[in-house]
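Sharing a model that was predicted from the sequence below.
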Amino acid sequence: MLGTWSFGDYFKKEAINFAYQLLTQQYQLDPERLYATYFEGDDNVSKDVEARDYWLQYLPPSRVIGCAAADNFWEMGDTGPCGPCSEIHYDRIGDRDASALVNADDPNVLEIWNLVFIQYNTDAKTGLTLLPQQHIDTGMGLERLVSILQKKQSNYDTDAFSPIFEKLEELSKVGPYEGKLGNDDPTLKDTAYRVISDHIRTLSFAIADGAVPNNEGRGYVLRRILRRATRYGQQILKAEPGFFQQLVPVVVENFKEAYPELLENEATILDVISEEEAAFSSMLTRGIKFFEQINNSHGQIPAKEVFFLYDTLGFPLDLTELMAEEAGLTVDTQGFHKEMQKQQKRSREARALQKTGEGAQLLELIAEQTAALQKNNVLPTDDSYKYHRIDLPTNIMSIFGNEGFYNNEESANPGDFVGIILEKSSFYPEGGGQEADLGFLSLLDKSNSVVGIFEVQDVQSYGGFLLHKGIVKQGNFKVGQKVHCRVDYERRSLVEPNHSMTHVLNAALRQVLGDKVDQRGSLVNDEKLRFDFTHKKALTQKQLQKTEEICQQIINNSLGVTTTIMPLTEAQAIN
C-alpha cells in the first residue's frame, strides 16, 4: 500500500489535485480511463459536494460518480475518526463508458486509490461531530498500479509475484500456476500459489522489521499466516516439509534493491521461518488427526472443537473451514465467534482487573473530549512535578465519568469510579512500558483539613491531559476543589530500579547477542520487569547465563544513576 497523510496542512482540494497530477503526469495513465467517486450523502451526513466539484475540474460529470456510505464513507470502527472518501478507478479497456462498472467488482474497472477526508468523529453518546482539525489519509494499491503499468490483468501476473511462482513450481508436484479462480480452481492449486506467495512476502518483510511469530499480538498473526501457507503447500501443492523457507531467497533477490533490510536480515528470516515451519509440520499432523476424530454426526464441526483447533493447535478459522469443505462438512462459525467473544471478554476483564481492581470501568479521552477541554480553557496537566517527591497541592480542573464530563454542580461520591484531571500532578502516567504511579488524592477544605479520599488506581495521558482514574473512598469531589497529590513513593522506589534494569538488560543482550538486538517493548512495575526484543530464536542456556552474569556484575558494582535533561539529538548521540 502506498499512502500519504496530512495533519491539517491541506485538505480535499490539494489531495485531489496531487492525486490527479501524479497519476496522469508522473505515471502517465490515460486520463480518459479515470473515474472518481464521492460520497452521495445519507440521513446523517450531507453530500460531499466539495470533493465532487473539485473532481469536476479534471473529469467530466459522467466520470464523477456519487456512491453510498458502504463505498465512500470511511470509519475506523464504531467510534473514532471518520469521514467521506473519494475513490479513483481505472478502466483497463478504455474507449467506452465504464461508469456502470465502478464498484461493481469488475476486474477491468479497478479501484487504485482512496482519498479519505477525516473530518468527523463518531462517539457512542454524542454521535457524529466535526473534528477540531481535519486530516487527509490516502491509500493506493501498489500492486494494482503495477498491474496497470505492466499491462497485466492480475496483480499475480506482475513481476512482483512471477519469480516466487517459478520457484514454487519447482517445489510442488501438481504443476505450474495457471491463474484460475473460484470454481475454475477445484483443487485450489492456483489459490495455494497465491496464498503462499502473499504470505512469504509478508513474513519476510515483517521479520526483517523485527517482528517474529509467537503467541501474542502481531506475532500470533504471523504465526497463523505461516501455518496457513505451510498447510497449503504440503497438502495442496504436495510440497515437501521445509519448502516454505526455500522461497525466502527469491523474495530477497526480488525486493532487495528497494528494501535492503531484506538482504541484511536474510539469515535471520531463514532461521525464524525454518524453525516455525518445522514446528508446525508436526503440529499439522496432530491437527489433521484431531480433525478426523471430531464428532460431526450432524455434518457440522461444533464450535468448541473449532475453537480448540484455533486457540490450541494454531489453526486459523479459514483453514479449518477449508478442511471442513474438503471433507463435505460445515463449521459452526457463529458458535466459534461466540467462543472468541467470551475469550476476549475474559482477557479485557483480566487486564482491567489487574490494572485498576474490581469494578473498574474503561475511561478514555478521545480527540473530541480533549478538544472540549481546550474549548473550556482547561490547559494540559503540568506534570513536571513528577520528578520531585512532594505532596503537591493542586486543583481539580475536570471530572470524567462513564456518562461524560461532570458539570460544576455535580460531584463524584463514595464508590464512584471516575477520572480526575488536575491542574498540576506529581503522578507518573503510564508510558514507555512503565506502569503508572499509584496513590491518593486528599480532598482539602478551606482550612486544609482532609475531608475526602480518592484512590488513584491508574494514570493515563491523553494529549497532555493526565486522567487520574480511581475510586472515591470518602467525601464528595467536585470541579474547582483543592486536593493534595499523595503518590505511593515506596512503590515507586521499587519501580525505579526495574526501569533501570531494562536498560542494563538491553546492554547485556546486545553484548551477548550482537547489536542487531533491538527493543520492541517492555513492562515495568513494582514487582517485575519484562523486556521484549528482536532475535531470531530463543536464547541458549549459555547465552542466558552470560546475560545474567553481566547484569549481576553491574548490580554488584553499585553504579550511580543520574538524570540529565538534554535535547533529543544529544541524547540520541549517546552510546
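Right, received. Where do you want to start?

okay, CA-based contacts and neighbour counts for the rest of this
Noted.

Would you mind giving the domain segments of the chain?
Following automatic domain parsing, the chain resolves into domains at 2-149, 166-293, 367-487, 493-572.

Quote the end-to-end distance of the second one.
Yep, that's domain 166-293 we're talking about. Its start and end residues considered, domain 166-293 measures 37 Å (C-alpha to C-alpha, to the nearest Å).

Next: the shortest one.
From the first residue to the last, domain 493-572 extends over 27 Å; the measure is C-alpha to C-alpha.

quick one, helices of the stretch 201-350 of the chain?
217-231, 248-255, 260-264, 266-293, 303-311, 317-326, 333-356 (DSSP state H, counting those that start in this stretch).

So which of those helices is nearest residue 1?
helix 248-255 (15.1 Å; C-alpha to C-alpha).

Return the angle between stretch directions for the closest one and helix 266-293.
130 degrees (axes from the mean of the first three to the mean of the last three C-alpha atoms, to 10 degrees).

For the closest residue to residue 296 other than its chain neighbours, give me the pLDDT.
Nearest residue to residue 296, sequence neighbours excluded (C-alpha to C-alpha, 6 or more residues apart in numbering): residue 302, at 7.4 Å. Residue 302 carries a pLDDT value of 88.

Hmm, residue 302 is touching residue 291, no?
No - at 11.1 Å, residue 302 does not count as touching residue 291 under the criterion of C-alpha atoms under 8 Å.

quick one: the nearest residue to residue 188 once chain neighbours are set aside and residue 189, what's the gap?
In this structure, residue 188 finds its nearest non-sequential neighbour in residue 236, 7.0 Å apart by C-alpha to C-alpha, 6+ apart. Residue 236 sits 6 Å away from residue 189, going by C-alpha to C-alpha.

Which residue of the two possesses the greater neighbour count?
residue 189 (24 against 19; other C-alpha atoms under 10 Å).

Spatially central residue in this structure, please.
The centroid of the chain falls nearest to residue 218 when counting by C-alpha atoms, centre = their mean (8.0 Å).

got a pLDDT number for that residue?
For residue 218, pLDDT reads 83.

what sits against it?
The contact partners of residue 218, by C-alpha atoms under 8 Å, 6 or more residues apart in numbering, come to residue 211.

Recalculate using a threshold of 10 Å.
Contact analysis of residue 218 by C-alpha atoms under 10 Å, 6 or more residues apart in numbering lists 206, 211, 212, 224.

Phi and psi next, for the third one.
What that stands for is residue 212. In terms of degrees, to the nearest 10, the main-chain angles of residue 212 are phi -140, psi 150.

let's have the chain start at 24 instead
In the new numbering, first residue 24, that becomes residue 235.

What about the closest residue to it other than its chain neighbours, how many residues nearby?
Excluding its sequence neighbours, the residue lying closest to residue 235 (C-alpha to C-alpha, 6+ apart) is residue 242, at 5.5 Å. Using other C-alpha under 10 Å, residue 242 has 15 neighbouring residues.

can you list the domains of the chain in a markdown table and add distance to residue 365?
A markdown table is the format used below for the domains of the chain (distance: least, C-alpha to C-alpha, whole Å):
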| stretch | distance to residue 365 |
| --- | --- |
| domain 25-172 | 20 |
| domain 189-316 | 17 |
| domain 390-510 | 23 |
| domain 516-595 | 26 |
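
can you tell me which of those comes nearest to residue 340?
The minimum distance between residue 340 and these falls on domain 189-316, with 9.9 Å, by C-alpha to C-alpha.

Give me the distance from the closest one to the chain's centre.
Counting by C-alpha atoms, centre = their mean, to the nearest Å, domain 189-316 is centred 22 Å from the centre of its parent chain.

Identify all contacting residues around stretch 568-586.
Under C-alpha under 10 Å, 6+ apart, the answer for stretch 568-586 is 410, 520, 523-524, 527-536, 562-566.

picking up where we left off before, how much space between the residue nearest to the centre of the chain and residue 302?
Counting by C-alpha to C-alpha, the gap from residue 241 to residue 302 is 19 Å.

try residue 177
For residue 177 relative to residue 302 (C-alpha to C-alpha), the value is 34 Å.
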